[in-house]
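Asker: Any chance you can model this:
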Amino acid sequence: MKKLLLSIALLAGTLGVFAQSEQGEKSLIGHIGVQSDPGRFLIGAQGRYVIADHIRIAPDASFIFPKNKVTGLDINLNAHYVLDIDNQVSVYPLAGIAMQNARYSGETIAGQKYGSDSFTNWGFNLGAGGSYNLSSNTFLNLEMKYTFSDADCFTFAFGYGVKF
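Answerer: Numbering: from 1, shown residues only. Now for the predicted structure:
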């Protein structure tokens with residue numbers, strides 16, 4: 001048991017050795033993905049700004065394509081705690097706030113629109129992600145998060161990013 005605890009402590013101590021991001025570093029990611037319930041395709045962008053060692057803020061906006069006459073626009077502000085596994089791979093848990101906007105286009109009967117509606121829900125996100133560096137300033141990103149709100153959903157996104 002002591003060896004296991006010592007191994008875990010040594011592993012945890014080495015996670016911060018590989019410094020990939022410095023305070024003030026910025027990046028921009030374009031992403032595509034899917035949002036559960038009801039399984040809609042999305043496209044969007046995420047900005048990132050490193051505010052302290054291992055901590056960055058990551059605002060993002062995603063357009064959710066129509067399905068069953070519902071179109072969406074989600075805007076999030078998340079914080080990431082970045083754990084650098086090695087010089088190319090990093091993983092992070094995330095937490096933040098979410099604003100979900102949706103519009104139901106309703107029915108058109110004899111030229112008259114019926115039942116159009118829109119709503120905005122506020123909630124919070126919990127999730128995780130990871131990045132794989134392709135070069136010193138480009139990377140691939142994978143992110144999963146669950147949004148807790150009146151319209152709970154799971155989001156899975158894959159993206160390509162550029163560091164500035």
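Asker: Any buried residues in stretch 43-55, and which?
Answerer: 44, 46, 48, 50, 54 (16 or more other CB atoms under 10 Å). Where you see a C-beta, it was placed from the backbone N, CA and C, and this is true even at glycine.
Asker: which residues does the residue nearest to the spatial centre of the chain bridge with?
Answerer: The residue lying closest to the centre of the chain (CA atoms, centre = their mean) is residue 143, at 5.2 Å. Beta-bridge partners for residue 143, by DSSP bridges, are residue 129, residue 157.
Asker: now it: how far from residue 111?
Answerer: 43 Å (CB to CB, to the nearest Å).
Asker: that older thread, reformat the buried residues of stretch 43-55 as CSV; add secondary structure, pLDDT and distance to residue 123.
Answerer: CSV is the format used below for the buried residues of stretch 43-55 (DSSP: H, G, I helix; E, B strand; the rest coil; pLDDT from 0 to 100; distance: CB to CB, whole Å):
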residue, secondary structure, pLDDT, distance to residue 123
44, strand, 98, 17
46, strand, 98, 18
48, strand, 97, 21
50, strand, 96, 25
54, coil, 94, 25
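Asker: Tell me the one of these nearest residue 84?
Answerer: The nearest member of those to residue 84, counting by CB to CB, is residue 54 at 8.0 Å.
Asker: Setting the sequence-adjacent residues aside, check what's closest to the closest one.
Answerer: Nearest non-adjacent residue to residue 54, counting by CB to CB, 6 or more residues apart in numbering: residue 82, 4.9 Å away.
Asker: is it true that residue 131 touches residue 87?
Answerer: No - assessed by CB atoms under 8 Å, residue 131 is found out of contact with residue 87, at 11.7 Å.
Asker: who has more neighbours, these two?
Answerer: residue 131 (26 against 10; other CB atoms under 10 Å).
Asker: what pLDDT does the more buried one get?
Answerer: Per-residue confidence (pLDDT) for residue 131: 98.
Asker: For it, give me its contacts.
Answerer: Neighbour list for residue 131: 89-91, 139-142, 161 [criterion: CB atoms under 8 Å, 6 or more residues apart in numbering].
Asker: so what's residue 40 bridging to?
Answerer: residue 35.
Asker: ok, it - contacts?
Answerer: Residue 40 neighbours (CB under 8 Å, 6+ apart): 34, 64-67, 70, 72.
Asker: of all the contacts of residue 131, which comes closest to residue 107?
Answerer: residue 142 (38.2 Å).
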